[in-house]
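S.K.: Got a sequence here, can you build the structure:
(4 chains)
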Number of protein chains: 4
Amino acid sequence: MGKTRLEAFSDGVIAIIITIMVLELKVPHGATFDALLPLLPVAGSYVLSFVYVGIYWNNHHHMLQLVQKISGGTLWANLHLLFWLSLTPFTTAWMGENHFEAAPVALYGFVLLMCSLAYSVLARVLTRNHPENRALAEAIGIDRKGWISVCLYVVGMALSLPFPLLGFATYVLVAIVWLVPDPRIEKRMKQ
Amino acid sequence: MGKTRLEAFSDGVIAIIITIMVLELKVPHGATFDALLPLLPVAGSYVLSFVYVGIYWNNHHHMLQLVQKISGGTLWANLHLLFWLSLTPFTTAWMGENHFEAAPVALYGFVLLMCSLAYSVLARVLTRNHPENRALAEAIGIDRKGWISVCLYVVGMALSLPFPLLGFATYVLVAIVWLVPDPRIEKRMKQ
Amino acid sequence: MGKTRLEAFSDGVIAIIITIMVLELKVPHGATFDALLPLLPVAGSYVLSFVYVGIYWNNHHHMLQLVQKISGGTLWANLHLLFWLSLTPFTTAWMGENHFEAAPVALYGFVLLMCSLAYSVLARVLTRNHPENRALAEAIGIDRKGWISVCLYVVGMALSLPFPLLGFATYVLVAIVWLVPDPRIEKRMKQ
Amino acid sequence: MGKTRLEAFSDGVIAIIITIMVLELKVPHGATFDALLPLLPVAGSYVLSFVYVGIYWNNHHHMLQLVQKISGGTLWANLHLLFWLSLTPFTTAWMGENHFEAAPVALYGFVLLMCSLAYSVLARVLTRNHPENRALAEAIGIDRKGWISVCLYVVGMALSLPFPLLGFATYVLVAIVWLVPDPRIEKRMKQ
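M.R.: Numbers count the residues shown, from 1 in each chain, chains lettered A, B, ... in the order given. Down below sits the predicted model:
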């Protein structure tokens, strides 16, 4: 089964997710720069989510490039990832509109955690069932960066209940770690 | 006539349908976990609709893979399917916001029924007019699973008027039946 | 210059236009079938606009298939068409929410008229500047159907001021005329 | 690394941006032509933004055509451009709803300025790191038109604080300058 349409559909969904988040930046009623100030937390959480969805798109792109063959199970593992990503606009808006209070920050981290696990599941489905995707399997190896992120998300969620801003800072940290595209795959692709 | 643009357009529409449904998950005003509780029915109906639209995308994907040639009639049969799918966000939101009351659950089933019939019509248009699409025609054969679903949707709609939750459970059942991609087509594609 | 990306971008914009129109079907507050009754005019105008946007997608698809080469001017002629199409959700909602009153029906027809003229301009840009697109030029010939529609839109707009429903009926008539894909291009493509 | 998916994703995001702007044209409550009058400023800013996003799509399209190879950095430079473009619907709505007052017009210019700089950064990333993209590098040369726009945006922002309409007129001027596709790239592509 070809991967072209899987990529096209994922690109479509991710493009919509990354763009509709901006609809939560509600146009303020005043026409002064001061009227923009209450939007700063929403804008801040928008930037972080934009970067996160961008990271997922980049890594999805990288991962699929090493894939030769997909199966019916892949389609569902991919939809599962898109499902969790599709909740990002909701958690982004809830966190931004409530100025980074405890519960919204924790829920934001929970959705990030589920996206991260869904991505790992997708990677495993792609490598386990298909010996043809060995290039990807070897490139991923022991997914250290993935597991560290999972731990950091859990830490961030725990931190966010007493100290929401520390939780948020943890998520920012993970985003910075991932901004660099996966060198294992980058290296493999040059060969 | 090539099928690439038909696939691209369908992917676009389905990607938007599956993503804008999440806009109905309105951000709650409170910043506590309790504030999320009233959203649970909306979230539940979102999950079911996400799975359903995902099923349609998967099966659309599978079906088009066996197709060699499309005609002007195909474009309209495809738009007809997309039309009914495009009503899913509306019925999903109505059902979720009214906590699974009778009328919304019945309408939700009606739109599922129409999607299912529109899918059958598309399959028939693809196979009947084009002898080149014989591979698809043979793969589909007598569409038992399709007809069982149609019956179950009607049963679900009837059940939902006195017992809405039973109606909803029927739709969940049909979704589970379809989660497995069509083995007839899967088998054919391996040959 | 290749036409692939022009097609992909147009598919994207048209897919979004056809799908966001459904967002105007606002979820009613009641949970009875009666609560749906006030939505019928909105649903009716949604169906007509869905068909119209579908017609434009189909014809755009057909037209581009005969095209070999595009230029910078084509990109703008195409964006001009997309601009008028993008106003369809607005006029659809205005017409539906005001139960087919005079001014909204006339404006709806005006946007249809502009779409139709923009489509003609695009066809002319594609054929005039590029001798390579002769197949398209010959297929179109004297665009009788196009000019009849333009006249009917103007008639519909004029009728809609005293008798809005007659204006609406005129637009339905034009849609029916166009539901059949252009036989000139269909014929040419078989050769 | 192939550029197909980068183009597809950018097309998706730009298509959504250009289309969701029309959602800010809120359907008026009255059903007379007079009810449309208050929408004129919103419609005016919609037209300008539609043209601007169209310009970016056209130039993005032209630029990528000369590119042979992309890297991980390109993906991020591209996402950076998409981020600033994604703010256009917000600034368009704020400017339109406030009838071109000083602060919204200045912010509108600021986002245009950032888009323009992000585009320059993308062009530089594409040419600097990849000797294979020499055709693009030579085509761009000293980017006079780009730098003049940057200056004009700054002038427009400064003008908009005392005379908002002059600021707006400056942005219109830049749009007219860019409506013509880049002749340097056009010429290069003919070779």
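S.K.: Only C-alpha atoms from now on, for both contacts and neighbour counts.
M.R.: Will do.
S.K.: do you know how far the residue in chain A positioned nearest to chain B is from A:Ala77?
M.R.: Nearest residue of chain A to chain B: A:Val13, at 5.0 Å (CA to the nearest CA). A:Val13 sits 15 Å away from A:Ala77, going by CA to CA, to the nearest Å.
S.K.: In terms of neighbours, single out the busier of these two.
M.R.: The neighbour comparison of A:Val13 against A:Ala77 (other CA atoms under 10 Å in any protein chain shown) goes to A:Val13, with 30 against 20.
S.K.: per-residue confidence for that one?
M.R.: What the model reports for A:Val13 is a pLDDT of 95.
S.K.: Over to the one 10 residues further on?
M.R.: At A:Leu23, the pLDDT value in this model is 88.
S.K.: same question, A:Thr91
M.R.: pLDDT, A:Thr91: 96.
S.K.: The residue nearest to it when sequence neighbours are not counted: what secondary structure?
M.R.: Using CA to CA, 6 or more residues apart in numbering or on different chains and skipping residues adjacent in sequence, the residue nearest A:Thr91 is A:Tyr108, 5.2 Å away. Three-state assignment for A:Tyr108 (DSSP: H, G, I helix; E, B strand; the rest coil): helix.
S.K.: Check the gap between A:Tyr108 and A:Tyr52 for me.
M.R.: Counting by CA to CA - A:Tyr108 and A:Tyr52 are separated by 12 Å.
S.K.: Those two: which is more packed in?
M.R.: Counted by other CA under 10 Å, A:Tyr108 and A:Tyr52 do not tie: A:Tyr108 has more neighbours, with 29 against 23.
S.K.: Would you map the helices across chain A?
M.R.: A:4-20, A:40-65, A:72-86, A:88-97, A:102-128, A:134-140, A:144-160, A:164-179, A:183-190 (DSSP state H).
S.K.: pLDDT (mean, whole number) over the shortest one?
M.R.: Read it as helix A:134-140. 64.
S.K.: next one: the fifth one
M.R.: The average pLDDT within helix A:102-128 is 92.
S.K.: The one residue in chain A that gets nearest to chain C: neighbour count?
M.R.: Nearest residue of chain A to chain C, counting by CA to the nearest CA: A:Gly12, 8.6 Å away. Applying other CA under 10 Å, we find 27 residues neighbouring A:Gly12.
S.K.: Surely it is in contact with B:Ser10?
M.R.: No - assessed by CA atoms under 8 Å, A:Gly12 is found out of contact with B:Ser10, at 10.7 Å.
S.K.: Please verify my assumption that A:Phe168 contacts A:Val105.
M.R.: Yes - contact criterion CA under 8 Å: A:Phe168 and A:Val105 qualify, at 6.6 Å.
S.K.: Give me the more crowded residue out of these two.
M.R.: When neighbours are counted by other CA under 10 Å, A:Val105 comes out ahead of the other of A:Phe168 and A:Val105, with 31 against 25.
S.K.: Might one say that the more buried one is in contact with A:Met95?
M.R.: Yes - at 5.8 Å, A:Val105 and A:Met95 qualify as touching, with contact defined as CA under 8 Å.
S.K.: residues in chain A within reach of chain B, list them.
M.R.: A:5, A:8-10, A:12-13, A:16-17, A:72, A:75, A:79, A:83, A:86-87, A:90, A:93-94, A:98, A:101-104 (CA under 8 Å from any CA of the partner chain).
S.K.: The residues you listed also near chain D: which ones?
M.R.: Within these, those near chain D by CA under 8 Å from any CA are A:8, A:12, A:16.
S.K.: Return the most buried member of the helices of chain A.
M.R.: Mean neighbour count (mean count of other CA atoms under 10 Å in any protein chain shown) peaks for helix A:88-97 among the helices of chain A, with a mean of 25.
S.K.: Identify the residues contacting that helix?
M.R.: A:17-18, A:20-21, A:24, A:41-46, A:49, A:101, A:104-105, A:107-108, A:111-112, B:22-23, B:25-28, B:31 (CA atoms under 8 Å, 6 or more residues apart in numbering or on different chains).
S.K.: Done for today, thanks.
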